[in-house]
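**Student:** Make a model of this:
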Amino acid sequence: MEDRVFRDAMGKFATGITVIALEDREEIKAMTVNAFMSISLEPKLIAISIAKKASMHDKFKITKKFGISILSDSQKELSMVFAKQVPKDREITFNMLDNAPVLDESLVTLSCQVSNTIDSGDHTIVVAEVSSLNVDAGDPLVFYQGKYREIK
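**Tutor:** From the prediction side, this is the model:
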């Protein structure tokens, strides 16, 4: 099957949008990720899938602590900036949650510690334990059929 057919089929599954961020030599690096899921309650585990060609891929071998910001419907621009769909034209401020960088005004912020990585095709699945979280009110930013959507 062709890549485009597979990608279009997977686009029929609506996802939330996250920004993952980590510190690399005193500098915060971040990227948009929609391949995110919770996988366990005991211990509290999540998983993200990172393309091997992504600039942040190898950072997870060095830095084990990272933050996840589950974006609200008011954060579409941030998603596009960290997906490199639009230029970063301003300084973006990160806060620290249990020593992990997270974005203000997100629906949920998580501080995570890498517990395992799984080589899987052209991606690596990063399994991480959640050490701390914050939850705020609002509606999520959603991605469906290649477009950003809002829940109404």
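**Student:** pull the helix or strand with minimum mean pLDDT from this protein.
**Tutor:** helix 59-62 (a mean of 85; mean pLDDT, DSSP states H and E).
**Student:** mind listing the helices for the protein?
**Tutor:** Remark: helices assigned in the chain by DSSP state H are 3-10, 59-62, 76-82.
**Student:** among those helices, which is nearest Val135?
**Tutor:** helix 76-82 (18.3 Å; Cβ to Cβ). All C-beta atoms are positioned from the backbone trio N, CA, C, and that covers glycine.
**Student:** residues in contact with that closest one?
**Tutor:** 17, 19, 30-32, 71, 86-88, 92, 103, 141, 148 (Cβ atoms under 8 Å, 6 or more residues apart in numbering).
**Student:** go again using 6 Å as the cut-off
**Tutor:** 17, 19, 30-32, 71, 86, 88, 141, 148 (Cβ atoms under 6 Å, 6 or more residues apart in numbering).
**Student:** Now do the buried residues in it.
**Tutor:** 76, 78-82 (16 or more other Cβ atoms under 10 Å).
**Student:** Likewise for stretch 135-152?
**Tutor:** For stretch 135-152, burial by neighbour count (16+ other Cβ under 10 Å) applies to 140-143.
**Student:** Pull the most distant pair out of the buried residues of helix 76-82.
**Tutor:** Across the buried residues of helix 76-82 (Cβ to Cβ), the longest gap, 11.3 Å, separates Lys76 and Phe82.
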